[in-house]
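Undergrad: Attaching a predicted model along with its sequence, questions to come.
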Amino acid sequence: MGDRDFLMTTHFLIKKAFIFVISLTMVITLTFFLMHLIPGDPFMEEQMISEEILKAMHHDYGLDKPLIMQYFYYLKGLFHLDLGFSFKYQGRPVAQIISEAFPISFALGIQALLIALGGGLIGGSIASLYHRKWQDQAILAFLALCLSVPAFLSATLFQYLFAMQLDLFPVARWGSFSHTILPSLALALFPFAYLARLARTNIIEVLQQDYIVTARSKGLSQWEILYKHVLKNALLPVVAYLGPLIAAVFMGSFVIEKIFGIPGLGQWLVTSIGNRDYPLIMGLAIFYSFLLMGFNFLVDCVYYLLDPRIKKGESNG
């Protein structure tokens, strides 16, 4: 790498890191102030609490201070990597809850990503090789159906068909590998269909290039051309979509985890909002944002290294 390339790469990384920090700060700020717009009091449950006790609890957690002061106190804690303690589950640090629930959400998300990537690339490749034939039309119709079905409906249908009717998998909960199959499939359905359509479009475009015609003239089969010449160039847009894909998978896990009773981060976030558990809401929102923006940052860096056209655009800019 020459000095010019090194400077361009450094400039690109600094710019992306700056955007990352600004975006995360905006998420923290918006989440903090919007969270306090949730009606009700975090300490008011079914039983009535006296006014004196309620004031004492507000004082202990700093909720009696002006909102802007609470915000800066929270930022101060974040600089020390302190996410605070849960209001609802007293004595439990938010960081501990996240560390216990994240491995479950991560395992579910990775499994769904592998299904979406593998199935999407295979489906898109098959459709592109049979372009405008009945196989292509059948795959496109199936992909359109997958894109139109929301996650909560597909999860419910999978439970009814494969668990209740066919008794192939558990209906819900989290334990063995068999418990992961249905939620992973429900979570992977939309990104699988989107990836398959994206791969199909790009492969068809690459198959029309001159060097592919030359490869055909050498007697290579369609599958050899696809494997040796097409996939490398057609996969660049797929790599660019990996960041939003990861975001879609992890955000979709909120619904899926609730339906299947999975004790992951999505389940905790839904519960924390219902309980008005401010520290837990903030901690989960920040963690999710950091995770998803971090994945986007890494994908942008990989795409920058793989596609020289971006470097040319940076130098022209």
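TA: Done, it's in.
Undergrad: so where do the helices sit in the chain?
TA: For the chain, the helices defined by DSSP state H occupy 3-35, 51-60, 67-79, 94-129, 134-148, 151-158, 178-207, 210-217, 222-225, 231-234, 236-260, 265-275, 278-306, 308-316.
Undergrad: and the angle from the longest one to helix 236-260?
TA: Between helix 94-129 and helix 236-260, the angle formed by their directions is 130 degrees, by axes from the mean of the first three to the mean of the last three C-alpha atoms, to 10 degrees.
Undergrad: Going by neighbour count, which residues in helix 94-129 are buried?
TA: Using 16 or more other C-beta atoms under 10 Å as the test for burial, helix 94-129 gives 94, 97-98, 101-102, 104-105, 107-109, 111-113, 115-117, 119-121, 123-129. For the C-beta atoms, the positions are set from N, CA and C on the backbone; glycine is no exception.
Undergrad: Can you tell me which of the helices of the chain is most buried?
TA: Among the helices of the chain, helix 178-207 has the highest mean neighbour count (mean count of other C-beta atoms under 10 Å), at a mean of 22.
Undergrad: mean confidence for that one?
TA: Across helix 178-207, the average pLDDT comes to 88.
Undergrad: cool, and stretch 73-82?
TA: Regarding stretch 73-82, the rounded mean pLDDT is 87.
Undergrad: In this structure, what helix or strand scores lowest on average pLDDT?
TA: helix 308-316 (a mean of 53; mean pLDDT, DSSP states H and E).
Undergrad: right, so of the helices of the chain, which gets closest to F43?
TA: Nearest to F43 among those is helix 51-60 (5.1 Å), distances taken as C-beta to C-beta.
Undergrad: Now do the contacts for the residue nearest the centre of the chain.
TA: Nearest to the mean C-alpha position of the chain, by C-alpha atoms, centre = their mean, lies A247 at 2.3 Å. When contacts are counted by C-beta atoms under 8 Å, 6 or more residues apart in numbering, A247 touches 292, 295-296.
Undergrad: same thing with M35?
TA: By C-beta under 8 Å, 6+ apart, the residues touching M35 are 278, 281-282.
Undergrad: what does I225 give?
TA: Contacts for I225 (C-beta under 8 Å, 6+ apart) come out as 207, 212, 215-216.
Undergrad: Same list (those residues) but as TSV, adding distance to L147.
TA: Output for these, formatted as TSV (distance: C-beta to C-beta, whole Å):
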residue	distance to L147
L207	24
I212	29
A215	32
R216	32
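Undergrad: which one of the residues you listed is nearest S253?
TA: Of all the contacts of I225, S253 sits closest to L207, with 35.6 Å by C-beta to C-beta.
Undergrad: which ones are touching the closest one?
TA: By C-beta under 8 Å, 6+ apart, L207 lies in contact with 128, 131, 225, 230.
Undergrad: Setting the sequence-adjacent residues aside, check what's closest to L242.
TA: Closest residue to L242 apart from its sequence neighbours, by C-beta to C-beta, 6 or more residues apart in numbering: V299 at 4.7 Å.
Undergrad: Go ahead and confirm that neighbour touches P237.
TA: No - V299 sits out of contact with P237 when judged by C-beta atoms under 8 Å, with a separation of 11.8 Å.
Undergrad: Can you check the pLDDT for V171?
TA: V171 carries a pLDDT score of 89 in this model.
Undergrad: how about the nearest residue to it, chain neighbours excluded?
TA: Residue nearest to V171 in three dimensions, not counting chain neighbours: A163, with 4.2 Å by C-beta to C-beta, 6+ apart.
Undergrad: now the one you found: how far from P263?
TA: The gap separating A163 from P263 is 19 Å, by C-beta to C-beta, to the nearest Å.
Undergrad: Over to T180?
TA: Noted for T180: a distance of 13 Å to P263, by C-beta to C-beta.
Undergrad: Alright, calling it a day.
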